[in-house]
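1. Sequence below, structure please.
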Amino acid sequence: MKQRLITGIVAGALFLGLCLLGGWWYHLLLTAMALIGYYEFVKMTGAPSLSGSAVFGYAGVLFFMLPWDLLGMTAPFSLERGIWLILLVFLLITVFTKNKMDIRSTAMLFTGIVYIGMGFSYMALTRASGDGYGLMWTFLLLSCIWGSDAGAYFVGRRFGKNKLWPAISPNKTVEGAVGGVIISMVISVIFAIIVPDLLTVGRALLIGLSCACLGQLGDLVQSAYKRVYGIKDSGSLLPGHGGILDRCDSWIIVFPFVHIVMLMPYY
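-> Residues are numbered from 1 along each chain as shown. Next up, the predicted model:
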């Protein structure tokens, strides 16, 4: 517990400090987290972490994370075209390696690129929001996610009786999940009260609901695939907490979702 607390304080202070600074500092941090997260994903699947396919995967993650605006450049092609080109290369890998890297392995590596690369890229996009309030939007989403996690944990411990999804995560309860949703929505409404010109109560409620539901589903997604591979943690970078993916599983689902369904009013 002591090790977990110390790691949480140090890692949290570093993350929040660079988030406050924004710009290159925060973007470089997110890029490093994305690459480490992809390394954890590759290692978990059993693929060699420095094979040609994995190295191309790291390059794919970097494609998502390149800060074209900060570089004063325009991306050479759209996100949609980039995803298709990455997919094409992985399909061709199965041919050129004569199935030493078969479709199942390359499909997993491709999934990891989109899952992790897009997740962290939308975190960067949120902080760099063109309306000048990127820090507020980032803190709103993170606060809702963290509030949902805390609410689910404490409400579940106190009132939890009905298992939410025992086949995937035996400790989660329906009562805890509902508690997390309520806490997240309360937090989002508080933000709406603080900045009413930027965020209506109605939109805040939808954002809070999305952060809680998608955040908890993001956690279940990682629990599901870790069970497939028979591992407890995705990595060991953060003593007492596991790896990057263990800590960011909710973030990399929530941030893209609220943008894609246009719950974020500013871009």
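2. quick one: contacts of stretch 28-44?
-> 14-15, 18, 49, 54, 57-58, 61-62, 64-65, 109, 112-113, 115-117, 119-121, 123-124, 225-226, 229, 231, 234-235, 237, 243-245, 248, 252 (Cβ atoms under 8 Å, 6 or more residues apart in numbering). (C-beta placed from N, C-alpha, C; glycine too.)
3. Buried among the residues you listed? Make that a PyMOL selection.
-> Here is the PyMOL command that selects only those of those that count as buried (16 or more other Cβ atoms under 10 Å):
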select buried, resi 15+18+54+57+58+61+64+65+109+112+113+115+116+117+119+120+121+123+124+225+226+234+235+237+243+244+245+248+252
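4. residues touching residue 254, list them.
-> Contacts of residue 254 (Cβ under 8 Å, 6+ apart): 141, 144, 145, 210, 211, 214, 215, 218.
5. Tell me the spacing between it and residue 101.
-> 32 Å (Cβ to Cβ, to the nearest Å).
6. Over to residue 28?
-> Residue 28 is 31 Å from residue 101, by Cβ to Cβ.
7. I figured residue 91 hits residue 106, correct?
-> Yes. Counting by Cβ atoms under 8 Å, residue 91 touches residue 106, with 7.2 Å between them.
8. which of the two has more neighbours?
-> Neighbour count, other Cβ atoms under 10 Å: between residue 91 and residue 106, residue 106 has more, with 22 against 13.
9. Which of the helices or strands spans residue 138?
-> helix 134-159 (DSSP states H and E).
10. Tell me the helices and strands packed up against that helix.
-> Judged by 3 or more Cβ pairs under 8 Å, 6 or more residues apart in numbering; DSSP states H and E, the packing partners of helix 134-159 are helix 2-21, helix 118-127, strand 169-173, helix 174-194, helix 201-229, helix 251-260.
11. Highest mean neighbour count out of those?
-> Of all the helices and strands packed on helix 134-159, helix 118-127 carries the top mean neighbour count, a mean of 24, counting by mean count of other Cβ atoms under 10 Å.
12. Which strands and helices lie in contact with it?
-> helix 23-45, helix 52-65, helix 134-159, helix 251-260.
13. any chance of those helices in JSON lines, with mean pLDDT and distance to residue 9 too?
-> Below are the helices and strands packed on helix 118-127 laid out as JSON lines (pLDDT from 0 to 100; distance: least, Cβ to Cβ, whole Å):
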{"stretch": "helix 23-45", "mean pLDDT": "95", "distance to residue 9": "17"}
{"stretch": "helix 52-65", "mean pLDDT": "93", "distance to residue 9": "27"}
{"stretch": "helix 134-159", "mean pLDDT": "93", "distance to residue 9": "14"}
{"stretch": "helix 251-260", "mean pLDDT": "95", "distance to residue 9": "19"}
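14. Make CSV out of the ones you listed and add distance to residue 169.
-> Listed next are the helices and strands packed on helix 118-127 as CSV, based on distance: least, Cβ to Cβ, whole Å:
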stretch, distance to residue 169
helix 23-45, 17
helix 52-65, 27
helix 134-159, 11
helix 251-260, 15
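15. Out of these, which is closest to residue 85?
-> With Cβ to Cβ, the closest approach to residue 85 among these belongs to helix 52-65: 8.9 Å.
16. Following the chain past that closest one, name the next helix or strand.
-> Following helix 52-65 toward the C-terminus (DSSP H and E): helix 79-96.
17. ok, then the element right after that following helix?
-> helix 103-112.
18. which other helices and strands contact that next one?
-> Against helix 103-112 (3+ Cβ pairs under 8 Å, 6+ apart) you get helix 23-45, helix 52-65, helix 79-96.
19. Adding distance to residue 263, write those out as CSV.
-> Shown next, in CSV, are the helices and strands packed on helix 103-112 (distance: least, Cβ to Cβ, whole Å):
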stretch, distance to residue 263
helix 23-45, 21
helix 52-65, 21
helix 79-96, 19
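20. do you know which of those helices lies nearest residue 174?
-> helix 23-45 (28.8 Å).
21. Dump that closest one to CSV, keeping only the CA atoms.
-> Coordinates of each C-alpha in helix 23-45 appear next as CSV, following Å, rounded to 0.1, in the frame of the first residue of the first chain:
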residue,chain,number,x,y,z
GLY,A,23,2.4,22.4,-25.4
TRP,A,24,5.4,20.2,-26.2
TRP,A,25,5.9,19.1,-22.6
TYR,A,26,2.5,17.5,-22.3
HIS,A,27,2.5,16.2,-25.8
LEU,A,28,5.9,14.5,-25.4
LEU,A,29,4.6,12.9,-22.1
LEU,A,30,1.6,11.5,-23.9
THR,A,31,3.7,10.2,-26.8
ALA,A,32,6.0,8.4,-24.4
MET,A,33,3.0,6.9,-22.6
ALA,A,34,1.5,5.8,-25.9
LEU,A,35,4.7,4.1,-27.0
ILE,A,36,5.2,2.4,-23.6
GLY,A,37,1.5,1.3,-23.7
TYR,A,38,2.0,-0.2,-27.1
TYR,A,39,5.1,-2.0,-25.9
GLU,A,40,3.0,-3.5,-23.1
PHE,A,41,0.4,-4.5,-25.6
VAL,A,42,2.9,-6.2,-27.9
LYS,A,43,4.6,-8.0,-25.0
MET,A,44,1.2,-9.2,-23.7
THR,A,45,0.3,-10.7,-27.1
